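> sequence and predicted model, in that order:
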Amino acid sequence: MDSHNYMKTPFVTTSLQDTDLLLVKLVDYCYQAGAERCLVYHADGPAVILSEITKITSSLQSDPIGVAPSSTSAADTITSSDLSHAILQLLYTPLRDFSRLATLLAELRDRNTTTALAIKTSDRYNVAAGLPPHCNASTAYSRLCFPNGDAGISTTTAGILCGDAPSVLNTTKAEFKAFLASLKSTSRAIGSAWSFLALPCTAWHARGRNRYTGDFQAATANPILIINTVIDPVTPLHNAFRMAEDFPGSVVLTQDSEGHCSYSTPSMCTARAVRKYFQTGELPKKGTVCAVDRVPFDGFWDEEKPALPEGETDEAMWRALVAITKAS
């Protein structure tokens, strides 16, 4: 996270610089995986797959899909905004979720809303299991019937984000619309969805008594090891190097993978660097790039006990890495 941008306003504008590159990687991995593993595969190559995804998004903008009510859910509509929110969720862990994203897109291409509806309603109470009393006693569509509230963001997250930055209570609709437009221009895939993080701040009155107002620049007692994936959906690699400039002696280790945080994909190389850092304080050399041991669509998530990578001998480290990745 670019702390300078973050502390200036909750309308963070430097988080989505690389986000849409993840869709480029999605179609590359999809093409390599083939039709059996990736449901949006096209024999004519990655460019055609990406074009098909763009058509799916555009079709939802002009023709949302209505969903009939069922015994477990109310009538609903799947819109382009819903797709944007779903993509945001699924880009965090490509190793696990690229296959689900491909399935989502393939279903929407065929006007099938099964996966889209499951994702959209994942933060709601299950009607079939029975609603909690505070929801049952409330009115239809009350925020009390959404575990995280009706803004799509937890109160805890809103409290931190809105409390850290200067107050934006006087934000006008025109100003927020301009912010939204800037996000969309940065990321066509999730720009609109990302705005939901800042929206609660326009009505957030609480202020922390000990709010930090510094600049996040310091000579730390021990140099910092900063780790970033090559393509992170919400904390781009550029920001890692930007922050390293503020902490003398710090080093950026780049993990050659996609997704949010290095643990989204297991890398024995990264794990060894982390272990050495915490045990000895020694940093990797500047410019270090660590390879990963698995890639999207390779079946990793379906394997109960993924095999130790070829040439590796540290079984305990590998099992720990697998556990961390699968718990993310």
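Cool, got the structure.

> host element of Lys276?
helix 268-280 (DSSP states H and E).

> mind listing what's buried in that helix?
Using 16 or more other C-beta atoms under 10 Å as the test for burial, helix 268-280 gives Met268, Cys269, Thr270, Ala271, Ala273, Val274, Tyr277. For glycine as for every other residue, the C-beta is placed from the backbone atoms N, C-alpha and C.

> grab the nearest non-local neighbour of the fifth one.
Right, Ala273. In space, and not counting its chain neighbours, Ala273 is closest to Pro284: 4.8 Å by C-beta to C-beta, 6 or more residues apart in numbering.

> go ahead and report the secondary structure state at that neighbour.
coil (DSSP: H, G, I helix; E, B strand; the rest coil).

> would TSV of the buried residues of helix 268-280 with distance to Arg294 and pLDDT be doable?
As requested, the buried residues of helix 268-280 are exported to TSV (distance: C-beta to C-beta, whole Å; pLDDT from 0 to 100):
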residue	distance to Arg294	pLDDT
Met268	11	98
Cys269	13	98
Thr270	13	98
Ala271	13	97
Ala273	18	98
Val274	18	98
Tyr277	23	98
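
> where's Gln17, which helix or strand?
Using DSSP H and E, no helix or strand contains Gln17.

> for the spatially most central residue of the chain, give me its contacts.
Central residue of the chain (C-alpha atoms, centre = their mean): Tyr92, 3.4 Å from the mean position. By C-beta atoms under 8 Å, 6 or more residues apart in numbering, Tyr92 lies in contact with Pro233, Val234, Gly259, His260, Ser264, Ser328.

> if you set the cut-off to 7 Å instead, what comes out?
Pro233, Gly259, His260, Ser264 (C-beta atoms under 7 Å, 6 or more residues apart in numbering).

> which secondary structure element contains it?
Judged by DSSP H and E, Tyr92 forms part of no helix or strand.

> okay, now Leu50: neighbour count?
19 (other C-beta atoms under 10 Å).

> that one - that's part of a strand, no?
No - using three-state DSSP, the secondary structure at Leu50 is helix, not a strand.

> and it, what does it touch?
Counting by C-beta under 7 Å, 6+ apart, Leu50 has contacts Leu23, Val24, Val27.
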